[in-house]
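Engineer: Have a look; sequence and predicted model below, questions after that.
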Amino acid sequence: MTTTRQDMLQAFDALLQPARFKDYGPNGLQVEGKAEIRKLVSGVTASRALIEAAIAEQADAIFVHHGLFWRGYDGRITGWMKQRIELLIKHDINLFAYHLPLDAHPELGNNAQLGALLGWQADARFGDQELGFIGSFDAVAPAQVAAHIQQTLGRSVTLVTGETPRPIRRMAWCTGGAQGFFEAAMAAGADGFLTGEISEPQAHLARETGVSFFAAGHHATERYGAPAAAAAVAQQLGVAHRFIDIDNPA
């Protein structure tokens, strides 16, 4: 079966509601390809490796969390940007990208899907544009939480906490580069906070407050929303879909 580019764009917009968000780049169709779509490939980032893999799959469209265009980027189409766009145009592939809307979706988004994978149920939201998720635990030691995250995601976890870490009864999470949400998580009552990255200030805050900070990788925490949302739209429109995970140590 096939669908149209416009129908796919409308389906993604209806699902993810990008107009609700103030974002760092354009959400929706970033590069226009063929009008008729038979196969959709999803991935985390619109890297050259993902585009080349989509070409090998004979995909007509790509859906990603991290697109090509961001606020503050140099607008010239040279070097690596030219190579990516050239491949998309040469093979007439549509590129759809949704950033914060994909983080925030209550069922198919990055935070919801990561929580489901870890067995965590959110009962509230917090932070800017309510992107962060938070839920209750039976009291668990931070080291046990870190071991669970590491085993589930298959990668090492950075854990920073105080000298006498408190048990985690309220756990907050926000995928990717959300280390700036740490103070908002604490204000929301969290005993622990999971995101992808850690910066210098968060280590001091964790040590001084006793609220545990877990960093499990930007890519590793954001591998789940794109395939979930793309699969839902592909099923709705009756087209084929495949998720391609391009490994990233970050």
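Structural biologist: Arrived safely.

Engineer: Would you mark the buried spots in whichever strand in the chain runs longest?
Structural biologist: The longest strand of the chain (DSSP state E) is strand 132-140. By neighbour count on 16 or more other CB atoms under 10 Å, the buried set for strand 132-140 is 132-134. Backbone N, C-alpha and C define where each C-beta goes, glycine included.

Engineer: now stretch 184-201
Structural biologist: Quick answer for stretch 184-201 (16+ other CB under 10 Å): 184-186, 188, 190-198.

Engineer: Stretch 37-47 now?
Structural biologist: Across stretch 37-47, burial judged by 16+ other CB under 10 Å covers 37, 39-47.

Engineer: ok, those residues vs Ala234, which is closest?
Structural biologist: Comparing the buried residues of stretch 37-47 against Ala234 with CB to CB places Leu40 closest, at 5.1 Å.

Engineer: in a helix, that's where that closest one is, yeah?
Structural biologist: No. Using DSSP: H, G, I helix; E, B strand; the rest coil, the assignment for Leu40 is strand, not a helix.

Engineer: Show me what it is bridged to.
Structural biologist: Ala61, His241 (DSSP bridges).

Engineer: Give the full set of residues in contact with it.
Structural biologist: 8, 59-63, 230, 233-234, 239-242 (CB atoms under 8 Å, 6 or more residues apart in numbering).

Engineer: will you turn those residues into TSV that also has distance to Asn27, pLDDT and neighbour count?
Structural biologist: Formatted as TSV, these follow (distance: CB to CB, whole Å; pLDDT from 0 to 100; neighbours: other CB atoms under 10 Å):
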residue	distance to Asn27	pLDDT	neighbour count
Met8	14	98	24
Ala59	20	98	26
Asp60	20	98	25
Ala61	15	99	28
Ile62	15	99	29
Phe63	12	99	29
Ala230	14	98	28
Val233	14	98	26
Ala234	19	98	24
Val239	21	98	22
Ala240	24	98	16
His241	19	98	19
Arg242	22	98	17
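
Engineer: do you know how far Gln121 is from Gly135?
Structural biologist: According to CB to CB, to the nearest Å, Gln121 and Gly135 sit 5 Å apart.

Engineer: wait, Phe214
Structural biologist: The spacing between Phe214 and Gly135, counted by CB to CB, is 14 Å.

Engineer: same thing with Ala187?
Structural biologist: For Ala187, the distance to Gly135 - CB to CB - is 16 Å.

Engineer: Over to Gln113?
Structural biologist: According to CB to CB, Gln113 and Gly135 sit 14 Å apart.

Engineer: rewinding a little: overlap in contacts, Gln121 and Gly135.
Structural biologist: Common contacts of Gln121 and Gly135 (CB under 8 Å, 6+ apart): Gly115.

Engineer: okay, the strand or helix carrying Gln235 in CSV with CA atoms only?
Structural biologist: Here Gln235, judged by DSSP states H and E, is contained in helix 225-237. Output in CSV follows, covering the C-alpha atoms of helix 225-237 (Å, rounded to 0.1, in the frame of the first residue of the first chain):
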residue,chain,number,x,y,z
GLY,A,225,10.1,7.4,20.7
ALA,A,226,11.0,7.5,17.0
PRO,A,227,10.2,3.9,16.2
ALA,A,228,7.0,3.9,18.3
ALA,A,229,5.6,7.1,16.7
ALA,A,230,6.7,6.0,13.2
ALA,A,231,5.2,2.5,13.6
ALA,A,232,1.9,4.0,14.7
VAL,A,233,1.6,6.3,11.7
ALA,A,234,2.8,3.7,9.3
GLN,A,235,0.1,1.3,10.6
GLN,A,236,-2.5,4.0,10.3
LEU,A,237,-1.6,4.8,6.7
